[in-house]
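K.L.:
sequence first, then the predicted structure, then my questions.
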Amino acid sequence: MEDPEVLLIYSLSISLFFFVVAVSFRLLDNSAFLMLNKEIFVDSSYVSKQRIKRHIVAHPEDKVFTSKLKRALFYRCLHKVFLILMASSLVVTIAALILG
């Protein structure tokens with residue numbers, strides 16, 4: 001069996017890995033940039049999911065643009081999944097640290 005300190009370092013590394021992957025997917029979500037390229041004005045860099053879905057439904061004829069928006073929604077979903085994984089692994093790490 002390995003030392004508890006080594007296991008703690010592994011679990012902290014896993015949490016950090018999940019965080020880095022989550023940030024990477026957030027950076028890949030370029031929905032505001034896509035909207036601005038099509039001259040659709042947005043008020044912040046975080047475009048709401050409802051607004052993206054409304055635009056996809058309203059403009060099904062633009063296949064390339066809607067596929068890029070769908071990909072951005074997929075990246076946003078992956079971002080949330082990895083944030084949840086990071087938070088849950090961090091909770092387990094803190095619990096293991098407290099329980100010894």
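P.N.:
Alright, I've got the coordinates. Numbers count the residues shown, from 1 in each chain.
K.L.:
not counting residues beside it along the chain, what's closest to the spatially most central residue of the chain?
P.N.:
Residue closest to the average C-alpha location in the chain (CA atoms, centre = their mean): His79, at 1.2 Å. What sits nearest to His79 in space, not counting adjacent residues and going by CB to CB, 6 or more residues apart in numbering, is Phe25, at 4.1 Å. For every residue, glycine as well, the C-beta is placed using N, CA and C.
K.L.:
quick revisit: which residues touch the residue nearest to the centre of the chain?
P.N.:
Contact partners of His79, counting by CB atoms under 8 Å, 6 or more residues apart in numbering, are 22, 25-26, 29.
K.L.:
so for it, what's the pLDDT?
P.N.:
On pLDDT, His79 comes in at 95.
K.L.:
which strand or helix spans it?
P.N.:
helix 63-99 (DSSP states H and E).
K.L.:
you'd agree the residue nearest to His79 is up against Leu83?
P.N.:
No: between Phe25 and Leu83 there is no contact under CB atoms under 8 Å: 9.2 Å.
K.L.:
helices and strands of the chain: which one has the lowest mean pLDDT?
P.N.:
helix 31-37 (a mean of 78; mean pLDDT, DSSP states H and E).
K.L.:
any idea how far Lys80 lies from Ala87?
P.N.:
As judged by CB to CB, to the nearest Å, Lys80 and Ala87 stand 11 Å apart.
K.L.:
which residues of this structure score low on pLDDT?
P.N.:
The chain contains residues with pLDDT under 70 at 1-2.
K.L.:
buried set for whatever helix or strand Arg26 lives in?
P.N.:
Element membership of Arg26, judged by DSSP H and E, is helix 4-28. Neighbour counts over helix 4-28 (16 or more other CB atoms under 10 Å) mark 11, 14-15, 18-19, 21-22, 25-26 as buried.
K.L.:
can I get these in TSV with distance to Lys53?
P.N.:
As requested, the buried residues of helix 4-28 are exported to TSV (distance: CB to CB, whole Å):
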residue	distance to Lys53
Ser11	37
Ile14	33
Ser15	31
Phe18	27
Phe19	27
Val21	25
Ala22	22
Phe25	18
Arg26	19
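K.L.:
could you work out the most separated pair of the residues you listed?
P.N.:
With CB to CB as the measure, no two of the buried residues of helix 4-28 lie farther apart than Ser11 and Arg26, at 23.0 Å.
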